[in-house]
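Chemist: Attaching a predicted model along with its sequence, questions to come.
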Amino acid sequence: MLKRLLTTVAAVAMTILCTGCPQYRDASVPNEIRKVEISDEKEYLLYVPSTYDRRYKWPLIMLCHGTKPFDNERRQMLDWVKLAEERRFIVAAPILVGTTSFRTDHASQLKRQREDEQRILAVTKHLRAAYNISSDRIFMTGWSAGNYAVLYTGLKHPETFRALGVQQGNFDVAFMSELVQKVDPHQPVAVIYSHTDVFAGSGPRETIEWLDQNQADIHELEVSGGHRGHPKETQQFFERVIREMPWLRIRTLAVDDADALTVQFKTIGSFTPVAFSWDFGDGGDSPVAAPVHHFDQPGTYTVTLQAAINKDRIVSRSVEISVPQIDAIKAIRTTWDD
């Protein structure tokens, strides 16, 4: 009883002290916010705009809520649905367990972050099966303690989440221990912060410093006001990513179980290159879109691709590959694999 009373008092105090914490948008939208169950432990809230048409590919924004009871998945949805209707994107909020600003031991927190990773990926997979989602326009954002899920899951899966948005987030470097030296330098990360936000404290600055140390593509955005969400600024950043920051990823595939040193390379991206120039890191090269290359010796190689958007603009990407690729060789491939 006492614990519940203290929690209620803390929630009221937080609401009073914050400047519009958070400022929920007008939720008078044509469609309803639906609760979707994948399994007993994997549920999420979903809003699909009234203009949804399966003939076209749609952007998807995944929301990571902050600390309960101050925030939850529904409050995040209320912050975003009007914007989703106006700007024509699908928005979903998984129910998470590791997004809390309350003190917890590192081992327990990392365990919860791994659980949230599986929840977020399951929701993303579920939505991609149910709707015509654009694979190069899947984004993730979170407010306050939602920062933990955004960074932990988003940075681990740059092949899925094109860009991330951290809104006035909490931060603890110990909770990022599994991500050290694993950050993709081509995945844009927006860090939105306010110098008058006493509740985020040094979290945004520590987030920026850690991302910088790990060579992330950081985009800082200072806003005014207290501890609240910033859906419009975050969504505008995602639109800028689409317009200005090309997305290109290299995929590697096994060719023949009997030849573990031969690898096929393919690309996925937000554009179709007009020219390719591959450097396989062993002296070999290729100008074709999806080359098959044989490495003479086992080892680790840095493969680099120069892909031309047009005659004036080239995008460069590199991937480190170890051959033989044990995991790829064991994978069972079918005619459905692209």
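Modeler: In hand now; what should we look at? Numbers count the residues shown, from 1 in each chain.

Chemist: switch to C-alpha atoms for all contacts and neighbour counts from now on
Modeler: Noted.

Chemist: count of neighbours near residue 170?
Modeler: Look at residue 170: counted by other CA atoms under 10 Å, it has 25 neighbours.

Chemist: Could you do the one 10 residues further on as well?
Modeler: Around residue 180 there are 12 other residues, counting by other CA under 10 Å.

Chemist: show me the contacts for it.
Modeler: residue 214 (CA atoms under 8 Å, 6 or more residues apart in numbering).

Chemist: Going forward, count from 561.
Modeler: With 561 as the first residue, the last one maps to residue 740.

Chemist: Which pLDDT value goes with the closest residue to residue 602 other than its chain neighbours?
Modeler: Take residue 602 and drop its neighbours on the chain: the residue closest to it by CA to CA, 6 or more residues apart in numbering is residue 679, 5.8 Å away. pLDDT recorded at residue 679 is 96.

Chemist: and residue 679, how far is that from residue 658?
Modeler: 11 Å (CA to CA, to the nearest Å).

Chemist: try residue 773
Modeler: With CA to CA as the criterion, residue 773 and residue 658 are 24 Å apart.

Chemist: Could you check which of these two has the larger neighbour count?
Modeler: Under the criterion of other CA under 10 Å, the comparison of residue 773 against residue 658 puts residue 658 first, with 24 against 12.

Chemist: What are the boundaries of the helices in the stretch 711-860 of the chain?
Modeler: 763-773, 791-804 (DSSP state H, counting those that start in this stretch).

Chemist: so which of those helices gets nearest residue 648?
Modeler: Ranking the helices of the stretch 711-860 of the chain by proximity to residue 648 (CA to CA) places helix 791-804 first, at 11.1 Å.

Chemist: pLDDT averaged over the closest one - what is it?
Modeler: 97.

Chemist: What is that helix packed up against?
Modeler: The contact analysis (3 or more CA pairs under 8 Å, 6 or more residues apart in numbering; DSSP states H and E) places helix 791-804 against helix 633-647, strand 693-703, strand 723-727, strand 748-753.

Chemist: buried residues in stretch 771-786?
Modeler: With burial defined by 16 or more other CA atoms under 10 Å, the residues of stretch 771-786 counted as buried are 771, 774, 776, 777, 778, 783, 786.

Chemist: show me what contacts the residue nearest to residue 602?
Modeler: Applying CA under 8 Å, 6+ apart, the residues contacting residue 679 are 602, 654, 655, 656.
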